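Coordinates for the following, if possible.
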Amino acid sequence: MTSGASTTVRRCICPGSFDPVTNGHLDVIGRAARLYDEVTVGVLVNATKRGLFDLDERMEMLREVTAGLGRVEVVAFKGLLVDFCRDRDIPVVVKGLRAVTDFDYELQMAQMNHRLSGLETVFVATNPEYSYLSSSLIKEVSAYGGDVSGLVPQTVHARLLERLQPPAGA
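Numbers count the residues shown, from 1 in each chain. From the prediction side, this is the model:
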């Protein structure tokens, strides 16, 4: 290595809707933060889909729970991921894989992104502790009064209870 070597900042994005963010999402984001110098958490804006939490709420929750991870930035994006990444000079997408069904879909997305712009995708095997988690499942279980504490960050759990479960005596 020469003494005049330049330093390259390694950037990646962890995209998703995060409605709500789960401990599985946090596991992938945290692992990306250990591998890359800068991690952008890209929160998808989808005007045709009404989520449980609006965009501002999802971004606020993500900022709260990623605050201790270092160089993690939470940003909203709409349109094609490849365009967002090109505009921000982000060459790598980091995605967690829970099961074979995730792989089938994510591989197609990765190949299309690469075809469109050369964007690389790194797949991270989800921690087995969280391999069954999805935001949809969390919302469903919580809506029926099931205990999802330990599956989502504590602040997210409080918001879920506030949003989905009727007040006592109702």
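
C-alpha only now, for contacts and for neighbours.
Noted.

how about the longest helix along the chain: buried residues?
In the chain, assigned by DSSP state H, the helix with the most residues is helix 100-117. For helix 100-117, the buried set under the neighbour-count rule, 16 or more other CA atoms under 10 Å, comprises 103, 106, 110, 113.

can you tell me which residues contact residue 69?
Neighbouring residues of residue 69 by CA atoms under 8 Å, 6 or more residues apart in numbering: 30, 33.

And residue 38, by the same measure?
9-12, 71-73 are the contacts of residue 38 under CA under 8 Å, 6+ apart.

Backbone dihedrals for it, both of them.
With angles defined as degrees, to the nearest 10, residue 38 sits at phi -130, psi 130.

what about stretch 11-21, start to end distance?
21 Å (CA to CA, to the nearest Å).

For that stretch, the averaged confidence score.
For stretch 11-21, mean pLDDT rounds to 96.

cool, and stretch 69-76?
94.

And that stretch, what's buried?
Per 16+ other CA under 10 Å, stretch 69-76 contains these buried residues: 69, 72-74, 76.

Look up which residues are beta-bridged to the spatially closest residue to residue 103 that is not a sequence neighbour.
Excluding its sequence neighbours, the residue lying closest to residue 103 (CA to CA, 6 or more residues apart in numbering) is residue 97, at 6.3 Å. As for beta bridges, residue 97 partners with residue 125 under DSSP bridges.

Might you report the residue contacts of residue 97?
103, 123-126.

Now do it against residue 158, distance only.
Separation of residue 97 from residue 158 (CA to CA): 27 Å.

before we move on, the earlier item: elements contacting the longest helix of the chain?
On a contact count with 3 or more CA pairs under 8 Å, 6 or more residues apart in numbering; DSSP states H and E, helix 100-117 meets helix 81-88, strand 120-125.

angle of that helix against strand 120-125?
170 degrees (axes from the mean of the first three to the mean of the last three CA atoms, to 10 degrees).

Would you mark the buried spots in stretch 123-137?
Buried-residue list, stretch 123-137, by 16+ other CA under 10 Å: 123, 126, 133-135.

follow-up on the earlier one: so which of the helices and strands packed on helix 100-117 comes closest to residue 22?
Residue 22 lies closest to strand 120-125 among the helices and strands packed on helix 100-117, at 15.6 Å (CA to CA).
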